[in-house]
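>>> Sequence first, predicted coordinates after that:
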Amino acid sequence: MHRMLEGIALVAFDLDGTLIDSVPDLAIAVDAALGELGLPAAGEARVRDWVGNGSRVLMERALINAPPLRSVAGTSPGAASSGGAVPVDAEEVDSTLLERAHAAFLAHYGRDPGAHTRLYPGARECLDALRARGLPLALVTNKPHAFIAPLLEGLGLAEHFALCLGGDSLPEKKPHPAPLQHVAAHFGVAPQACLMVGDSRHDIAAGRAAGFRTLAVPYGYNHGEPVRESGPDGVVESLAELV
Ligand SMILES: O=C(O)COP(=O)(O)O
Ligand SMILES: [Mg+2]
């Protein structure tokens with residue numbers, strides 16, 4: 001058994017960038033939404049760096065980085081966008097435009113959220129092995145809750161998680177500790193006996209703030225930065241190492 005599982009009675013997993021490579025489908029939906037607003041496509045590479053704070057912030061980042069919008073919305077005209085990491089509140093995006101963009105994204109993404117989405121190597125093996133050991137597993141993603149079931153069903157993982165929380169399940173989402181505190185309380189497990197497994201600084205921050213142990217995978221989405229810099233308690237190259 002991996003040292004990170006010693007004394008652990010519950011494991012909470014992040015979804016995007018940890019269990020699944022979902023960016024191909026996210027990028028298709030982002031680009032379709034931008035297209036509806038007459039804006040140029042962002043492309044997969046840039047979307048990869050914007051994922052992690054839920055769908056509304058994803059579209060906010062897409063709008064902030066859409067060059068024509070800067071003049072349309074009157075925000076920082078002429079400041080060329082480089083893509084990549086963008087602080088959430090770096091700039092104000094017109095709220096009506098953001099609502100339109102977000103609604104368009106949800107409609108496009110909801111059509112077939114798993115079309116090009118694949119499990120990372122080692123993910124199924126890890127989940128199967130933990131489940132066989134009888135450890136309760138939770139899914140804590142910032143993705144809207146409505147997309148969780150179709151994705152898990154498409155991947156044959158619908159039965160693996162005893163509790164699934166989306167970014168809109170509670171008033172707060174990661175990096176806030178509330179979703180993880182909710183999971184620990186739901187199962188009646190002390191936080192120090194819970195492990196949070198994720199790919200981004202938001203997972204590590206939420207886990208630490210909730211009193212969980214934290215394990216990071218380095219292959220996912222972390223705004224272009226190494227997740228090691230967030231100081232997780234452990235890092236595994238593949239989830240298969242855990243079991
Ligand atoms: O939807 C997102 O922004 C990211 O979702 P995650 O929390 O599963 O990585
Ligand atoms: Mg993630």
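Noted; the coordinates are in hand. Numbering: from 1, shown residues only. Ligands and ions are numbered 1, 2, ... in the order given.
>>> Which residue ranges make up each domain of the chain?
3-22+117-242, 23-111 (automatic domain parsing).
>>> Let me know which of those domains is tucked in deepest.
The highest average neighbour count among the domains of the chain, using mean count of other Cβ atoms under 10 Å, belongs to domain 3-22+117-242 at a mean of 19. Just so you know, the C-beta spots here come from the backbone N, C-alpha and C atoms, and that holds for glycine as well.
>>> how much space between residue 226 and ligand 2?
14 Å (Cβ to the ion, to the nearest Å).
>>> What of residue 186?
21 Å.
>>> which residues of this protein score low on pLDDT?
Scanning the chain for pLDDT under 70 picks out the ranges 68-91.
>>> Of the domains of the chain, which is nearest ligand 1?
For the domains of the chain, the distance to ligand 1 is smallest for domain 3-22+117-242, at 3.2 Å, taking Cβ to the nearest ligand atom.
>>> what's the longest helix anywhere in the chain in contact with?
Using DSSP state H to define each element, the chain has its longest helix at helix 95-111. Here helix 95-111 makes contact (Cβ atoms under 8 Å, 6 or more residues apart in numbering) with 25-26, 28-30, 32-34, 36-37, 55-56, 58-60, 62-63, 69, 73, 144, 146-147.
>>> out of those, who's near ligand 1?
Counting by Cβ under 6 Å from any ligand atom, 55, 58 from the contacts of helix 95-111 sit close to ligand 1.
>>> ok, back up a step: which SSE is immediately downstream of the longest helix of the chain?
strand 118-119 (DSSP states H and E).
>>> strand partners of that next one, parallel vs antiparallel please.
For strand 118-119, the paired strands and their directions (DSSP bridges) read strand 20-21 (antiparallel).
>>> any residue of the strand it pairs with up close to ligand 2?
No - on the criterion Cβ under 5 Å from the ion, strand 20-21 is out of touch with ligand 2, staying 9.1 Å away.
>>> That strand near ligand 1 anywhere?
No - with Cβ under 6 Å from any ligand atom as the criterion, ligand 1 is not reached by strand 20-21; the gap is at least 8.2 Å.
>>> For that strand, give me every contacting residue.
Against strand 20-21 from outside (Cβ under 8 Å, 6+ apart): 117-120, 123, 151, 155.
>>> Farthest pair within the residues you listed?
Spatially, the most separated pair among the contacts of strand 20-21 is 120 and 151, at 13.5 Å (Cβ to Cβ).
>>> Name the next helix or strand downstream of the host helix or strand of residue 149, please.
Assigned by DSSP H and E, residue 149 falls within helix 148-154. Downstream of helix 148-154, the next assigned helix or strand under DSSP H and E is strand 163-165.
>>> Is any residue of that following strand near ligand 1?
No - using Cβ under 6 Å from any ligand atom, strand 163-165 stays clear of ligand 1, coming no nearer than 9.8 Å.
>>> counting contacts, what elements does that strand pack onto?
strand 137-140, helix 148-154, helix 178-187 (3 or more Cβ pairs under 8 Å, 6 or more residues apart in numbering; DSSP states H and E).
>>> now do 10 Å
strand 10-13, strand 137-140, helix 148-154, helix 178-187 (3 or more Cβ pairs under 10 Å, 6 or more residues apart in numbering; DSSP states H and E).
>>> Done for today, thanks.
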